[in-house]
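Participant: need the 3D shape of this:
(2 chains)
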There are 2 protein chains.
Amino acid sequence: MSEAGADVILSLDELDSLAREVLLRHGASPAHADAIARVIVQGQRDECHSHGIYRLIGCVRSIRSGKVDPRAEPALRDIAPGLLAVDANHGFSLLAFETGLPRLADKARSQGIAAMAINRCFHFSALWPEVEAIAALGLVGLAMNPSHSWVAPEGGKRPVFGTNPIAFAWPRPGSNPFVFDFATSAIARGDIELHAREGKPIPEHWAFDSDGMPTTDARAALDGAMRTFGGHKGSALAAMVELLAGALIGDLISMESQAFDAGAGASPYHGELVIAIDPRRFLGDDYRAGQARAEKLFEAVTGQGARLPSQRRFEARSRSERNGVRIPAQLHRDVMALRA
Amino acid sequence: MSEAGADVILSLDELDSLAREVLLRHGASPAHADAIARVIVQGQRDECHSHGIYRLIGCVRSIRSGKVDPRAEPALRDIAPGLLAVDANHGFSLLAFETGLPRLADKARSQGIAAMAINRCFHFSALWPEVEAIAALGLVGLAMNPSHSWVAPEGGKRPVFGTNPIAFAWPRPGSNPFVFDFATSAIARGDIELHAREGKPIPEHWAFDSDGMPTTDARAALDGAMRTFGGHKGSALAAMVELLAGALIGDLISMESQAFDAGAGASPYHGELVIAIDPRRFLGDDYRAGQARAEKLFEAVTGQGARLPSQRRFEARSRSERNGVRIPAQLHRDVMALRA
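Facilitator: Model prediction:
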């Protein structure tokens, strides 16, 4: 640990130890503390600040609310040759994902394609660490989940959908994978919260107020309804996430997650759908040719100066692995206080 | 057949006969003529005019170009318990889809989730008839395909991606399914062509000219690059379609399809990925509860006056089934001339 101006600099190991200490202090089992700390370090390392150490505070709040079981043991259930489900048993989602991943990968390799439901989990994390973990096994990954009902369908004014992220990863041997992970809402809810905290106006296309009028007032937006990205197309995708990662897997849709929370302010409680496909099974002897074709696509994008999704994140990763992560001193103090 | 002002009115059966006659006249095998006529009737019936009888003209042009084999016999290959591929053998995609659908459905029911590649096909049709056919079997359907490289990645100015549609259907017992089918480009290419034909300007966010500048000139846009919908998110989805329905299945990406055409103006030539999931396998005894949860979601959308995707199309379908379809007299004459 060192200091630089108003920031504290921690190595990735120091950050991991701090996160685990806080989680254990608040009653997390060692397995949950490991799984959560790992993802929080990844977020901070990639400079996704809203998914880094900042999330520890919300995590502790969720545990304190009494809704989350920080020692829950995930239970894996085989449903069909291509399907499995992991019941998170009211715990955080991450240990459930880790518990199911090896079986999901086995199924993808033997069946060609497989799907895993994670059920009854509290969810606060980005999806890219999960699809990246799938890509690290040489598989194509797709993941999605509902959240709380904060987002209006296109053509409506009242919230129905969650921010409903969709994440995808394509393995690139010898390189970082092609990865995206985005909310189907116009903007992340955290961005509106940040504007509200700083008293800054928001663009008019992000949200409606509670009267259903477009608003530039971030607080009014939080009490009203966010909008989807990309008009009716983003709205259609948001609905798909509710169906696939809610109705299909026997878990809550965002409206139900919201109702379940009943104002406690815990992480959204719902399920998640993860799909894995084995390109080696699809392509057989043509596997290398398929990989080369993908690289040709990426070159056509980067060759004209456009970025691949996650490119900034990978640059940050490489910086953080060399130099450690910078954490604002106040945030560091807030987290240190959670050890007490 | 009857006339109404400048339109000709045909029953769905009359339209089907006309389409089949034209296709047979131009050398299509009866199986291809059936499959293509069925989808063209569906397009016209649902008032998707650019995917209705108008497409016959392009279909005949593709056959005349000599690139498409209108009598090709699709060959089905089992790849893995959850995977199959149908080689269209240089024919149109639709018969290949029909050939593979029963096996895809069997696999989805036995494995829970299954994927079908359609390879080496000429493609001119919308994807909603296919995902609707999957939903009609009680399964969840997802389909996507590349096209020709007409669309720039976000942050770039030169074309890389196709218009890359994504379609999804969720079965609703006793009702039309929840269905969407949209291009990941800002707008359909046909819409820009229509503006060019009519000499009308296009909105500035649809496309760049060949110098990479935003343009309102539809012809300049056709020579330049279209843009994706929804900024970097739509661009990420367009890339995903290239990867899943190109590189993953051993088939051409849009840049390669464009090169293969070599200016002949035939339909794009590439592959398609279709995924089917059996909600009964996922949900077991909770199947009805899952269906009810989906209906609750749909009610929350329609209950506030917003539309579900495809709702207009289903209204048109019901009109056409009662009253037949209206076809502009000139288009009707052009198609009648193709019988000669």
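
Participant: show me the domain layout of chain A.
Facilitator: A:2-64+A:310-337, A:74-179+A:233-309, A:187-226 (automatic domain parsing).

Participant: end to end, how far does the longest one reach?
Facilitator: What it means is domain A:74-179+A:233-309. 32 Å (C-alpha to C-alpha, to the nearest Å).

Participant: one more: stretch A:8-17?
Facilitator: 15 Å.

Participant: which parts of it are buried?
Facilitator: Buried residues in stretch A:8-17, counted by 16 or more other C-beta atoms under 10 Å in any protein chain shown: A:8-10, A:15-16. C-beta: built from backbone N, CA, C; applies to glycine.

Participant: again, but for stretch A:328-340
Facilitator: Residues of stretch A:328-340 classed as buried: A:331-332, A:335, A:338 (neighbour count, 16+ other C-beta under 10 Å).

Participant: so which of the domains of chain A is nearest B:Asn164?
Facilitator: domain A:74-179+A:233-309 (11.6 Å; C-beta to C-beta).

Participant: ok, which stretches of chain A are helices?
Facilitator: Assigned by DSSP state H, chain A shows helices spanning A:12-25, A:30-45, A:54-64, A:93-111, A:128-136, A:189-198, A:218-223, A:231-242, A:254-261, A:279-283, A:287-302, A:311-323, A:329-337.

Participant: so which of those helices is the most packed in?
Facilitator: Highest mean neighbour count of the helices of chain A: helix A:231-242, a mean of 25 (counted as mean count of other C-beta atoms under 10 Å in any protein chain shown).

Participant: by contact count, what packs against that one?
Facilitator: Here helix A:231-242 touches strand A:165-170, strand B:166-170, strand B:178-182, helix B:287-302, going by 3 or more C-beta pairs under 8 Å, 6 or more residues apart in numbering or on different chains; DSSP states H and E.

Participant: Serialize the ones you listed to TSV and add fields for mean pLDDT and distance to A:Ala105.
Facilitator: Shown next, in TSV, are the helices and strands packed on helix A:231-242 (pLDDT from 0 to 100; distance: least, C-beta to C-beta, whole Å):
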stretch	mean pLDDT	distance to A:Ala105
strand A:165-170	98	13
strand B:166-170	98	25
strand B:178-182	98	30
helix B:287-302	97	26
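
Participant: distance to A:Asp34 added to the ones you listed, as JSON lines?
Facilitator: Formatted as JSON lines, the helices and strands packed on helix A:231-242 follow (distance: least, C-beta to C-beta, whole Å):
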{"stretch": "strand A:165-170", "distance to A:Asp34": "22"}
{"stretch": "strand B:166-170", "distance to A:Asp34": "36"}
{"stretch": "strand B:178-182", "distance to A:Asp34": "40"}
{"stretch": "helix B:287-302", "distance to A:Asp34": "33"}
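
Participant: wait, which of these is closest to A:Arg158?
Facilitator: Between those, helix B:287-302 lies closest to A:Arg158; by C-beta to C-beta that is 7.9 Å.

Participant: elements contacting the closest one?
Facilitator: Secondary-structure packing of helix B:287-302 (3+ C-beta pairs under 8 Å, 6+ apart): helix A:231-242, helix A:254-261, helix B:279-283.

Participant: could you dump those into CSV with mean pLDDT and distance to A:Pro214 added?
Facilitator: Shown next, in CSV, are the helices and strands packed on helix B:287-302 (pLDDT from 0 to 100; distance: least, C-beta to C-beta, whole Å):
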stretch, mean pLDDT, distance to A:Pro214
helix A:231-242, 98, 14
helix A:254-261, 90, 22
helix B:279-283, 96, 37
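
Participant: just give me the neighbour total for the residue lying closest to A:Trp128 once chain neighbours are set aside.
Facilitator: Leaving aside its chain neighbours, A:Trp128 sits nearest to A:Asp181 (3.9 Å; criterion: C-beta to C-beta, 6 or more residues apart in numbering or on different chains). A:Asp181 is flanked by 24 other residues according to other C-beta atoms under 10 Å in any protein chain shown.

Participant: dig out what A:Asp181 forms beta bridges with.
Facilitator: Counting by DSSP bridges, A:Asp181 is bridged to A:Ala167.

Participant: OK, contacts around it?
Facilitator: A:126-128, A:131, A:165-168, A:309-310 (C-beta atoms under 8 Å, 6 or more residues apart in numbering or on different chains).

Participant: and those, which is closest to B:Gly263?
Facilitator: For the contacts of A:Asp181, the nearest to B:Gly263 is A:Pro309 (32.3 Å; C-beta to C-beta).

Participant: what's the closest of the domains of chain A to B:Asp223?
Facilitator: The nearest among the domains of chain A, by C-beta to C-beta, is domain A:74-179+A:233-309 at 16.8 Å.

Participant: starting at the chain centroid, how far to that closest one?
Facilitator: The chain centroid and the centroid of domain A:74-179+A:233-309 are separated by 9 Å, computed with C-alpha atoms, centre = their mean, to the nearest Å.

Participant: same deal with stretch A:213-223?
Facilitator: 25 Å.

Participant: what's near enough to touch the one residue in chain A that gets nearest to chain B?
Facilitator: Residue nearest to chain B within chain A (C-beta to the nearest C-beta): A:Gly230, separated by 2.9 Å. Contact analysis of A:Gly230 by C-beta under 8 Å, 6+ apart lists B:229-231, B:233-234.

Participant: again, but for A:Leu248
Facilitator: Contacts of A:Leu248 (C-beta under 8 Å, 6+ apart): A:117, A:273, B:140, B:277, B:279, B:282-283, B:290.
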